[in-house]
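1. Coordinates for the following, if possible.
(one chain, ligands or ions: 2)
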Amino acid sequence: MASISEWYAGKNVLITGATGFMGKVLVEKLLRSCPEVNALYILVRPKAGQSMSERVQDMMKSKLFDRVREDNPEFHQKIIPISSELTQPGLAISPEDVQTLTSCINIVFHCAATIRFDEPLKHALQLNVIATQQLLSLAQQMKHLQAFIHISTAYANCNRRHIDEVIYPPPVEPKKLIDSLEWMDDNIILDITPRLIGDRPNTYTYTKALAECVVQQESGKLNIGIIRPSIVGASWQEPFPGWIDNFNGPSGVFIAAGKGILRTMRASNDAVADLIPVDVVINLTLAAGWYTAVHRPKTALVYNCTTGGINPFHWGEIEHHVMSTFKRNPLEQAFRRPNANITSNYLINQYWILVSHKFPALLYDLFLRLTGQKPQMMRIFNRLHKAIGLLEYFSSQDWEWNSDNMNMLMSHLSAEDRKTFNFDVRQLNWPEYIENYCIGTKKYVLNEDMSDIPAARQHLRKLRNIRYTFNTVLLVFIWRVFIARSQMARNIWYFVVSLCFKFLSYFRASSTLTQ
Ligand SMILES: CCCCCCCCCCCCCCCCCC(=O)SCCNC(=O)CCNC(=O)[C@H](O)C(C)(C)COP(=O)(O)OP(=O)(O)OC[C@H]1O[C@@H](n2cnc3c(N)ncnc32)[C@H](O)[C@@H]1OP(=O)(O)O
Ligand SMILES: NC(=O)C1=CN([C@@H]2O[C@H](COP(=O)(O)OP(=O)(O)OC[C@H]3O[C@@H](n4cnc5c(N)ncnc54)[C@H](OP(=O)(O)O)[C@@H]3O)[C@@H](O)[C@H]2O)C=CC1
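-> Residues are numbered from 1 along each chain as shown. Ligands and ions are numbered 1, 2, ... in the order given. Have a look, this model is predicted:
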């Protein structure tokens, strides 16, 4: 049987969401490990004042593509951007492009989605469900299509504790919801959203569950695979360790902790932190594409792509390794020395928010005001609190995912493919991975230079001295206020001083005797 890269040779691949975090890694891996692939058609929209081609040019300049660039400087010729806005009818693909796609595409990877946890339901539905439906109907017209791979999330069914590799019945019939929301006013939708999403934490997980159902309902004769990754983190090995380019999920939390801004967060020390490296997800996705096309399973196969049941690691351990890495490799211009703690206790968390977040923010903003600058710290903390408030649901509990299909897929791979498309997370060394992850956020998200680490350490020493001085001044000030006003405080003070004096005299006397 042909190896995975042999199978992709000469194939035309369609990718949605190629400009996103996972999409970029998918494009890179295909170009690097399947160099004979014919062409990658990527659906891209213009954004933030940049045209589609400018965006694609920028993407290809990314450091992520360094290894591909080295192997084949002309790699960009294999990437064919197609203009598309997924929220528009017909995905806003021109008739000529539809013609091209339907006549040549062999495999589709659908990665595009809105992954925001606070997305209004109508928009999340538009992108995560209706666009999926439209892409499936385009796929039905593709004459040479061999597989359609849909990227879902392991949290699509997070209202369950144990999650099997099956498509669960949807919380509501997707078609009915689409029809109802079409005529409803935005304010009404906002009001009924909590009732609709029920025991799911946000519109993201809710619409991803509906999307899975749509994939099942509309698949017709297509060969379908559904990949459900858990919390996708920086790369483990490929194209190099620690590649990450965004603040999503834990990355923003790590950065905020490394900068000394985040000091407390609600999370359970003992809950499994189901992180999965992005390269593992992409390797599994490509292998699943190959398997789906070659073996044509009768029903859509779902692959839970998680680590918890195979090689578990916990939030408490993550906290330890993140802190230790940022102490050894500090981020530049930290607000305070990194010292974040997680707690599952609501009241303790609120206490530390007050003492370690709000109080320093108020003081710093006061300092900014006094020096004629614009206060900003409180605003930053408010945004941080909003973000971590949305993540807490995922860090305070754990889930069990069945991963039989992941194991089954691995057993079908040749020894060579297992190496090239490695998704065996038993080999993952967590401490090393977390260290590379944190360093990756420094290098690739914040664009900080590793050669500036001595200066960053010096900055941390300065912050430590400021803290010691501040604490001493505060203690003396409070004490002086109490001593001036209370006889009891004065008595305690004299008692402590005389105790110290007696202790010192005893110590001196005993050391003279021993001489
Ligand atoms: C040591 C501690 C140990 C910690 C242990 C605990 C860690 C727990 C982590 C738990 C993670 C759980 C994730 C669950 C994932 C579910 C899996 C998935 O399927 S889905 C995948 C997971 N999906 C997600 O993770 C999506 C979650 N994110 C969201 O829903 C939204 O971003 C938002 C609501 C948080 C903020 O909305 P809004 O206020 O409108 O802000 P914008 O979005 O417009 O961004 C504005 C600016 O802020 C930047 N920035 C963004 N986030 C953060 C951050 N956390 N921080 C800092 N910065 C952040 C952003 O880059 C931008 O910069 P710029 O361009 O202006 O320069
Ligand atoms: N990141 C994670 O932790 C996890 C992600 N997943 C799933 O993986 C997939 C990819 O996630 P990730 O790469 O992290 O997400 P990103 O937000 O990084 O990427 C989303 C992609 O979708 C595209 N997109 C969004 N809206 C539109 C639109 N209206 N028209 C055209 N394209 C659009 C974006 O394009 P543009 O650049 O133009 O915005 C981007 O390429 C998603 O399906 C997500 O649900 C699952 C589990 C965890």
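2. for ligand 1, what are the nearby residues on the stretch 351-500 of the chain?
-> Within the stretch 351-500 of the chain, the positions near ligand 1 by Cβ under 6 Å from any ligand atom are 383, 387, 390-391, 394-395. In this view, the C-beta of every residue, glycine as well, is placed from N, C-alpha and C.
3. what about 5 Å?
-> Selection of the stretch 351-500 of the chain residues close to ligand 1 by Cβ under 5 Å from any ligand atom yields 387, 391, 394-395.
4. closest to ligand 2 among those residues?
-> Of all these, ligand 2 sits closest to residue 394, with 10.0 Å by Cβ to the nearest ligand atom.
5. any idea which helix or strand carries the closest one?
-> Per DSSP states H and E: residue 394 is located in helix 377-395.
6. give the contact list for the residue in the chain that ligand 1 sits nearest to.
-> Ranked by Cβ to the nearest ligand atom, the top residue of the chain for proximity to ligand 1 is residue 252, at 2.4 Å. Contacts here follow Cβ atoms under 8 Å, 6 or more residues apart in numbering; on that basis residue 252 touches residue 387.
7. I'd like the next helix or strand past the helix or strand where it lies.
-> Per DSSP H and E: residue 252 is located in helix 250-258. Sequence order places strand 264-266 as the next helix or strand after helix 250-258, per DSSP H and E.
8. ok, that following strand: who's next to it in the sheet?
-> strand 341-343 (parallel) (DSSP bridges).
9. ok, and the closest non-adjacent residue to the one residue in the chain that gets nearest to ligand 2?
-> Proximity of the chain to ligand 2 (Cβ to the nearest ligand atom) peaks at residue 20, 2.0 Å away. Nearest residue to residue 20, sequence neighbours excluded (Cβ to Cβ, 6 or more residues apart in numbering): residue 111, at 6.2 Å.
10. Might you report the residue contacts of the one you found?
-> Here residue 111 is in contact with 15-18, 20, 22-23, 26, 151 (Cβ under 8 Å, 6+ apart).
11. Read off the pLDDT value for residue 515.
-> With respect to pLDDT, residue 515 scores 55.
12. typo on my end, residue 470
-> At residue 470, pLDDT is 87.
13. Give me the helices and strands touching the host helix or strand of it, please.
-> Here residue 470 sits within helix 453-485, counting by DSSP H and E. Judged by 3 or more Cβ pairs under 8 Å, 6 or more residues apart in numbering; DSSP states H and E, helix 453-485 is in contact with helix 487-514.
14. now do 10 Å
-> helix 315-328, helix 487-514 (3 or more Cβ pairs under 10 Å, 6 or more residues apart in numbering; DSSP states H and E).
15. tell me the angle that helix makes with helix 487-514.
-> Orientation check (axes from the mean of the first three to the mean of the last three Cα atoms, to 10 degrees): helix 453-485 against helix 487-514 gives 120 degrees.
16. tell me which residues in helix 453-485 are buried?
-> 453, 456, 459-460, 463 (16 or more other Cβ atoms under 10 Å).
17. what angle do that helix and helix 315-328 make?
-> Using the same axes, to 10 degrees: helix 453-485 against helix 315-328 is 100 degrees.
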